[in-house]
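>>> Any chance you could fold what I've pasted below:
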Amino acid sequence: MNERTNPMEDWFAQSGLNDLFAPAKTVSGLRDALKNAQDFLEVAPPPVARREDVSLSQGELTVPARVYVPHGAKEPKGPTLVFFHGGGFILGSLDGYDPMCQRLAAVSGLRVVSVDYRLAPEHPFPAATDDSFAAFDAIAAGALDEYGVDADQLAVGGDSAGSNISASIARERRGQVSFQLLLYPLMQLIKVKKPRPRWQDGPFLSTATLKEIRKHYVQEADPADPLISPLMAEDLKGVAPVYMLAAELDPLTDEGKVYADRLEAFGVPVERVMHKGVPHGFLSASRIFPACIPALEGAARALAKAFD
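Coordinates of the predicted model:
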């Protein structure tokens, strides 16, 4: 088993995507690559009734966000997912995650608010968490009432680094968060080079990439800080129930499982769904991975069920 290679490696090499997403590229080069590749990676999601960019202000911070109101959303107010994108705290944007958020809204029937936090290395820790907490607190205080966001029915969620942020908010704002949607979560940056099967180092995320994330995002901070590594949090009692999506060919799979086990040990309901034969990041590549759309739809249905 340890001698296996990731089955997507040959495909990425033949398609040229290995060069496009090479970890050796500069951060700005990777950002440009993702922006240019989006049409190649994604198919159009189902339509929503309303999709608008907004600003969320809390204290001295103003954070950009995008609101999705699906057709048939509960009126005058309804439950809402506050979504934080992935990208290892150095990549990701509202536009890059537009297809995923729109699909989650359309399928779940819930409003979705996508938050655009500041990125490293220009803005290392704690900028991303500061922005994300500010955005969540503004929403919880009623900032998006005009969009029908019910501040008493809020879920948090995201993929990878976005799940990291979501887990921290669910812990620090327990009682204000009703549900967590954690999609192949990044749960720690203490030890990024660790024994794992070769086939879990995928084209979208590898040991080398994790080292770059730690270098750019953590910088001089303590990687054991629970706001950087939620796996290190001592008390998880009473945090919101979790739907966790895992990918088999993902270097983060094991730490996600450990976090799920810790949640359950504290009495937190967890549903963890493993998707076989796909790498980290497959949810942002609906044109390439046939499993992407049904996986996202399953997550959206779990989100809707949480608020039935």
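
>>> drop to CA atoms for contacts and neighbour counts, all remaining ones
Fine.

>>> Quick one: residues contacting the closest residue to F89 other than its chain neighbours.
In this structure, F89 finds its nearest non-sequential neighbour in L119, 5.5 Å apart by CA to CA, 6 or more residues apart in numbering. Applying CA atoms under 8 Å, 6 or more residues apart in numbering to L119 gives the contacts F89, I90, L91, A127, A128.

>>> quick one: which two of these are the most distant?
By the measure CA to CA, L91 and A127 form the most distant pair in the contacts of L119, at 13.8 Å.

>>> Which one of these two is surrounded by more residues?
L91 (21 against 17; other CA atoms under 10 Å).

>>> hang on, the earlier thing: and which of the contacts of L119 is nearest to L56?
When the contacts of L119 are compared for distance to L56 (CA to CA), A128 wins out at 14.3 Å.

>>> Which residue ranges of the stretch 201-308 of the chain form strands?
For the stretch 201-308 of the chain, strands defined by DSSP state E, counting those that start in this stretch occupy the ranges 242-249, 270-279.

>>> now the first one, how far from the centre of its chain.
Spelled out, that is strand 242-249. Distance of strand 242-249 from its chain centroid, counting by CA atoms, centre = their mean, to the nearest Å, is 11 Å.

>>> neighbouring contacts of it?
In this structure, residues lying in contact with strand 242-249 by CA under 8 Å, 6+ apart are 6, 179-185, 199-202, 253, 256, 260, 268-280, 299, 302-303.

>>> again, but for stretch 185-194
159-164, 207, 210-211, 214, 223-224, 228-232, 244, 246, 252, 255-256, 259.

>>> so what's A106 closest to, chain neighbours aside?
P70 (5.2 Å).

>>> Contact partners for the one you found?
Counted by CA under 8 Å, 6+ apart, P70 has contacts P47, V48, A49, R50, A105, A106, G109, L110, R111.

>>> Just the buried residues of the contacts of strand 242-249.
Neighbour counting with 16 or more other CA atoms under 10 Å marks 6, 179-185, 199-202, 253, 256, 260, 268-270, 272-273, 278-280, 299, 302-303 as buried within the contacts of strand 242-249.

>>> which residue ranges form the helices in the stretch 51-200 of the chain?
Under the criterion DSSP state H, counting those that start in this stretch, the stretch 51-200 of the chain contains helices at 98-108, 127-140, 161-172.

>>> any idea which of the ones you listed is most buried?
Comparing these by mean neighbour count (mean count of other CA atoms under 10 Å), helix 161-172 ranks first with a mean of 27.

>>> Contacts for that helix next, please.
Counting by CA under 8 Å, 6+ apart, 83-89, 129, 132-133, 156-158, 176-177, 180-187, 226-230, 236, 239-240 sit against helix 161-172.

>>> So I293 versus A167, what's the distance?
To A167, I293 is 24 Å away according to CA to CA, to the nearest Å.

>>> Low-confidence ranges, the stretch 51-200 of the chain, go.
Applying pLDDT under 70 to the stretch 51-200 of the chain flags residues 192-200.

>>> Report the contact partners of the closest residue to M232 other than its chain neighbours.
Nearest non-adjacent residue to M232, counting by CA to CA, 6+ apart: P226, 5.4 Å away. Neighbouring residues of P226 by CA under 8 Å, 6+ apart: S168, M232, A233.

>>> Mind pulling the model confidence for the second one?
Model confidence at M232, expressed as pLDDT, equals 97.

>>> That one contacts P223, doesn't it?
No - M232 is not in contact with P223 according to CA atoms under 8 Å; the separation is 9.6 Å.

>>> Who has more neighbours out of these two?
P223 (19 against 16).

>>> does I90 really touch I213, like I thought?
Yes - between I90 and I213 there is a contact under CA under 8 Å: 7.1 Å.

>>> tell me, what's touching these two both at once?
Common neighbours of I90 and I213 (CA under 8 Å, 6+ apart) do not exist.

>>> can you tell me how far the residue lying closest to G256 once chain neighbours are set aside sits from F282?
In space, and not counting its chain neighbours, G256 is closest to P185: 6.0 Å by CA to CA, 6+ apart. Distance of P185 to F282, given as CA to CA: 13 Å.

>>> A300 now?
Counting by CA to CA - A300 and F282 are separated by 16 Å.

>>> cool, and V82?
In terms of CA to CA, V82 sits 21 Å off from F282.
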